[in-house]
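Trainee: no sequence for this one, just the structure:
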């Protein structure tokens with residue numbers, strides 16, 4: 001099995017964390033969003049650049065979003081992504097997004113609602129713990145998003161803008177490094193033969209069949225109205 005590191009660059013709510021976690025079980029360890037400017041304290045962010053200060057070229061799966069930068073990086077977001085891809089290798093890089101923008105926006109809105117609740121808690125209590133995990137990876141239904149939040153026009157506009165900017169940056173990276181984007185719908189869809197073909201196309205020298213089983217859509221975080229949460 002090949003234990004070279006793998007880089008996942010994906011737009012929010014495209015299954016990147018679940019993919020990174022399952023790949024990490026085979027390759028070594030999984031580091032999620034080391035350049036997340038809101039979650040991590042400054043000393044932690046600063047320690048992650050230059051890249052080799054923190055990220056190894058072996059035994060590591062790294063997941064990041066297109067808009068995340070190290071604290072002490074002064075270049076553009078695209079240049080940072082290109083530097084990161086060059087460090088890990090184009091052949092060891094996975095780009096992932098969604099085909100369906102409407103469904104993507106709904107899922108992203110759910111994420112923003114959870115972030116809103118987290119920030120509201122801090123505003124009300126004055127308590128902030130950087131080690132506190134946002135409940136963004138727990139199961140959810142579309143009806144979990146309250147109507148009043150969906151009707152916030154400024155929030156809707158901001159969500160669309162943020163999501164579009166991240167998608168566009170990922171598409172630009174895809175074109176620049178000549179790397180196809182993996183679609184969430186293909187990787188996590190009901191057609192598990194198609195998903196296996198996608199995994200095989202990455203050519204990562206892993207147990208592709210096991211990863212395909214691990215990514216079965218029955219483990220998806222979004223549930224239908226009739227699905228019982230366990």
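Mentor: Structure's in. What do you need? Computed from a prediction, not measured in an experiment: that's the story for all the values here.

Trainee: tell me who's in contact with residue 20.
Mentor: Contact analysis of residue 20 by C-beta atoms under 8 Å, 6 or more residues apart in numbering lists 8, 30, 32, 61-63. Bear in mind the C-beta positions are built from the backbone N, C-alpha and C, glycine included.

Trainee: give me the lowest-pLDDT entry from these.
Mentor: Within these, residue 32 has the lowest pLDDT, namely 90.

Trainee: any idea how many residues pack against that one?
Mentor: 17 (other C-beta atoms under 10 Å).

Trainee: distance check, residue 110 against residue 161.
Mentor: Relative to residue 161, residue 110 is positioned 17 Å away (C-beta to C-beta, to the nearest Å).

Trainee: ignore the last one, residue 24
Mentor: 32 Å.

Trainee: which one's more surrounded, these two?
Mentor: The neighbour comparison of residue 24 against residue 161 (other C-beta under 10 Å) goes to residue 24, with 19 against 10.

Trainee: residues in contact with the more buried one?
Mentor: Per C-beta under 8 Å, 6+ apart, neighbours of residue 24: 30, 60-61.

Trainee: and if you look at residue 85?
Mentor: 7, 9, 93, 173, 177.

Trainee: now with 10 Å?
Mentor: Contacts for residue 85 (C-beta atoms under 10 Å, 6 or more residues apart in numbering) come out as 7, 9, 92-93, 95, 173, 176-177, 179.

Trainee: doesn't it fall inside a helix?
Mentor: Yes - if the criterion is DSSP: H, G, I helix; E, B strand; the rest coil, then residue 85 is within a helix.

Trainee: what pLDDT is listed against it?
Mentor: 98.

Trainee: cool, the one 3 residues further on as well?
Mentor: According to the per-residue confidence, residue 88 scores 97 in pLDDT.

Trainee: returning to what we had before: give me the buried entries from the contacts of residue 85.
Mentor: Using 16 or more other C-beta atoms under 10 Å as the burial test, the contacts of residue 85 include 7, 9, 92-93, 95, 173, 179 as buried.

Trainee: good, we can wrap up now.
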